[in-house]
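Student: output the structure for:
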Amino acid sequence: MAGAIIYRQTATLTAGNTYVDVTLDHSFSDTSYTIAVEIPYQTSWWITNKTSSGFRFNVGTTIAYSQTINFIIYHE
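Tutor: The predicted model follows:
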C-alpha cells in the first residue's frame, strides 16, 4: 500500500431525504478511489455521481431524524 491515501469523513443525511451529496476533503486526480460506509440504521445504499472531488450517497429508506454517515475513503 505504498502511496495509499486513507482518510475518514462524515456527512449528515437530513431527515426525510434519500441522498446526501458529499464533497471530499481531499480531491483526487481520478475517480478510482474506494468508499467504505458505516450507516447507523438498516437500509440499502449505493453511490452515484462519483467525481474526483465527491459523490452522492443514496439510501433506500428515509427516516424521521437526521443521521451522521461515516465514510472511509481509500485511494492508491
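Student: how about the lowest-mean-pLDDT helix or strand in the chain: buried residues?
Tutor: In the chain, the helix or strand scored least confidently by mean pLDDT, DSSP states H and E is strand 5-13, which has a mean of 93. The neighbour-count criterion (16 or more other Cβ atoms under 10 Å) identifies 9, 11, 13 as the buried residues of strand 5-13. The C-beta positions use only the backbone N, C-alpha and C, and glycine is treated the same way.
Student: and if you look at stretch 57-68?
Tutor: By neighbour count with 16+ other Cβ under 10 Å, stretch 57-68 contains the buried residues 57-59, 67.
Student: in TSV: those residues, plus pLDDT.
Tutor: Putting the buried residues of stretch 57-68 into TSV (pLDDT from 0 to 100) gives the following:
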residue	pLDDT
Phe57	97
Asn58	97
Val59	97
Gln67	95
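Student: and of those residues, the nearest to Ser44?
Tutor: Distance ranking of the buried residues of stretch 57-68 against Ser44, using Cβ to Cβ, places Val59 first at 7.0 Å.
Student: run through the bridge partners of that closest one.
Tutor: Beta bridges link Val59 to Trp45 when assigned by DSSP bridges.
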